[in-house]
Structures are given as C-alpha cells and as structure tokens.
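Participant: Following is a predicted model, sequence given first.
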Amino acid sequence: MSGRGPKLLPERIPAAASEAIGRGIGRLGITPNMITLAGVGGSGVAAWLITEERLLVAGAVFLGFSAMDFVDGAVARATGQATPYGALLDAVMDRIGEALVLAACIWYFAERGEDLQAGFGYAALFGSIAVSYVRARGEALGVTTREGLFRRQERVVLLGIGLLANGLTVVIIILAVLANATALQRWFIVGKGLREQDREAAEQG
C-alpha cells in the first residue's frame, strides 16, 4: 500500500538463471520440498555447531544451506511444481531455520555468561518472528507488504557473516535493533493500509 523500501538483496535470482538452475536440478528427480527440508536441516546443523562453539563452520553451513531458499522456488517454477502447500512449507521452514540459529546464538552467549548479548539474542529472535507475523497478518486482512529495512535475506546474510568473521556480538545487536525496527515499519505500513480500507468502505457505504 506504500512505496517500496530499500532492497539490500534481490528476492530472486535472474529469470534466465533461475529457469536453467530449476530445470537442471529438476531433471535429477529432486523436488522443491526436498530442497526446502534440506535447507532447514542444514540450519539445524549450523545451530548445533554454534552450541559447540564452532562458529566459522556454522557460518559456512548456515549460508550454504540458506542459499537453497533461492533454489527451491526456481525448481518449483521451472518444473511446474509450484503449489500453495509448497509455498506454506517453504515459508514455515525458513522461519524455523532462522529461529533455530538465533536460539543457538542465545545458548552460546548464555553458556559463556554473556547475559547482555543473550538478551539481544532474544530481542533479535522476537524481531525476526514479528517481521514475518505482521506481514502474514496484514495479508490475511487484505494488505500486502514486502517492504522492510531488514528482511529475512539481509538477516540471514548478516548472521552468517557474523559467524564467519567471529563478530557475533556486534551482529546480534544489529539484528536485534533492525529486525524490530522492520517489524514496526511493517506495522505502520499495514496500519495505514487498513485505515485506507476503512475510509474507502465508509465512503462507499
């Protein structure tokens, strides 16, 4: 219902590359749902590695398997297997994967006695859930919004970099602030859209 926000990362790979990748993987008999489940499985492995304090490997695993979020959609579109259930599975598994890794970060900080960082971890987890929930609830009420200062793509990349670069403390603070700011941003966007709907309904009534 409003202008586009800044996009730090593309939501999809280019169409030509997407089709080529999708058809190539589809020929192997690999379904989009298999890729989706592999992605969340990889996030689970990354979460376990974080609890073992193997942050560098965890970052590589997390980023590698998160890249499957681009691939499953490409395969679905190229092979004609795009379904509402597949879209639901993809969305839910994406959120579960991110939540697992953030929960592992909270565990990591708590085990080291870094309570302040753990608190920011809780805030980052809350913000990531709130961003998705506000969008989902808005769409259920008829207001579509993909805008956001810090959407899932940016959160995943930043968290992965933080793990790889041993900068998890700085990254978790940034995630906590920007994820919650994005949730508030979407709240205002959805609220504005709903108020516009109410005005239009009142004028027509």
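Facilitator: Yes, it's here.

Participant: Test my guess that Val61 contacts Ile50.
Facilitator: No - here Val61 lies out of contact with Ile50, judged by C-beta atoms under 8 Å, at a distance of 9.8 Å. Every C-beta, even on glycine, is put in place using the N, C-alpha and C of the backbone.

Participant: The two: which has the busier surroundings?
Facilitator: Ile50 (26 against 23; other C-beta atoms under 10 Å).

Participant: could you point out which element follows the helix or strand harbouring that one?
Facilitator: Applying DSSP states H and E as the criterion places Ile50 in helix 32-51. The helix or strand immediately downstream of helix 32-51 is helix 55-66, counting by DSSP H and E.

Participant: Show me what that next one is packed against.
Facilitator: helix 32-51, helix 84-111, helix 152-164 (3 or more C-beta pairs under 8 Å, 6 or more residues apart in numbering; DSSP states H and E).

Participant: tell me the centre residue of this structure?
Facilitator: When C-alpha atoms, centre = their mean is applied to the chain, the residue found nearest the centroid is Arg152 (3.0 Å).

Participant: returning to what we had before: quick one: residues in contact with the helix holding Ile50.
Facilitator: For helix 32-51, the external contacting residues (C-beta atoms under 8 Å, 6 or more residues apart in numbering) are 25, 55, 57-59, 61-62, 64-66, 68-69, 71-73, 75-76, 79, 81-82, 86, 89-90, 93-94, 96-98, 100-101, 103-105, 107-108, 111, 163.

Participant: does Thr145 count as helix, strand or coil?
Facilitator: coil (DSSP: H, G, I helix; E, B strand; the rest coil).

Participant: Could you measure from it over to Val40?
Facilitator: From Thr145 across to Val40, the span is 25 Å (C-beta to C-beta, to the nearest Å).

Participant: I'd like to know which helix or strand in this protein has the lowest mean pLDDT.
Facilitator: helix 15-26 (a mean of 67; mean pLDDT, DSSP states H and E).
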